[in-house]
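Enquirer: Structure here, sequence nowhere to be found:
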């Protein structure tokens, strides 16, 4: 039975009059009477005792009055929830973000558009290749990732759109409390490091851009290998080895004195932060968000600002 029919029945019960019920339901009395007749035809029985004043349900039906109220309440709640979910589905964006960006850059990027656009954001954090797969299979609408400087300077494939959001240093850090031990190791020609898998993006950056700059006399000892930058950061804080990480995720620990920035003695390189989406087929909301991100990308200093 339709929600409005149940509401019509309750209107008669609560007002005790067809005229008053029609006024409450914002229809004329003749039209309302026809609706009541249609309801009774659908049910196959008369619902109201028309000889009684005020008008009420027939005794055989009145026992169902509380059940009708409950159904009306539950159906209203269900309708509200369906409409809310429908609005969210239309104003919803899924962002795939590299782990390190999720914890450092993503909040600022999302803030750039969420304050002006009514949108619900689902943020999916994964490694770089997994994020790209989410975008390519359309499980994500937008990708936030790191790129090498060379990659960012190259032409984007025809099926992709890209906005460069600024540069970030990929820096060596180590536990401040363990600098004495590190100096002793370094003096012996040994450099303990936290490495990344060679097939991971940061592993390729580490092997191709950082390692060639390490003095040839140093024996690089790979103490731990992990694909997670946040794990590498924690190993560095613990003094296990030197970790190369995006500067943004190390900044708080450096300020707190837990980590020491080793750029003065060890090589570092630069990364690009980029937003990427598939070309074509976007909703109006997605295009608005992309426009805000492009505007944000024109001021990359705001993205990399350390808050000082």
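Expert: Cool, got the structure. Everything quoted here is computed from the prediction, not taken from an experiment. Numbering: from 1, shown residues only.
Enquirer: Checking residue 67 next. Helix, strand or coil?
Expert: Taken by DSSP: H, G, I helix; E, B strand; the rest coil, the conformation at residue 67 corresponds to helix.
Enquirer: Which residue ranges of the stretch 151-300 of the chain form helices?
Expert: 179-187, 201-205, 229-238, 247-255, 284-297, 300-304 (DSSP state H, counting those that start in this stretch).
Enquirer: and those as CSV, adding mean neighbour count, distance to residue 36 and mean pLDDT?
Expert: Glycine gets a C-beta too; all of them are placed from N, C-alpha and C. Output for those, formatted as CSV (neighbours: other C-beta atoms under 10 Å; distance: least, C-beta to C-beta, whole Å; pLDDT from 0 to 100):
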stretch, mean neighbour count, distance to residue 36, mean pLDDT
helix 179-187, 13, 86, 91
helix 201-205, 20, 68, 93
helix 229-238, 21, 65, 96
helix 247-255, 19, 67, 95
helix 284-297, 16, 43, 89
helix 300-304, 14, 63, 46
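Enquirer: could these go into JSON lines alongside distance to residue 136?
Expert: Listed next are the helices of the stretch 151-300 of the chain as JSON lines, based on distance: least, C-beta to C-beta, whole Å:
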{"stretch": "helix 179-187", "distance to residue 136": "42"}
{"stretch": "helix 201-205", "distance to residue 136": "16"}
{"stretch": "helix 229-238", "distance to residue 136": "23"}
{"stretch": "helix 247-255", "distance to residue 136": "26"}
{"stretch": "helix 284-297", "distance to residue 136": "16"}
{"stretch": "helix 300-304", "distance to residue 136": "25"}
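Enquirer: So which of those is nearest residue 38?
Expert: Among those, the nearest to residue 38 by C-beta to C-beta is helix 284-297 (40.0 Å).
Enquirer: helices or strands next to the closest one in the packing?
Expert: strand 92-98, helix 106-114, strand 142-148, strand 160-175, strand 269-278, helix 300-304 (3 or more C-beta pairs under 8 Å, 6 or more residues apart in numbering; DSSP states H and E).
Enquirer: what about that helix, distance to the chain center?
Expert: A distance of 15 Å separates the centroid of the chain from that of helix 284-297, by C-alpha atoms, centre = their mean, to the nearest Å.
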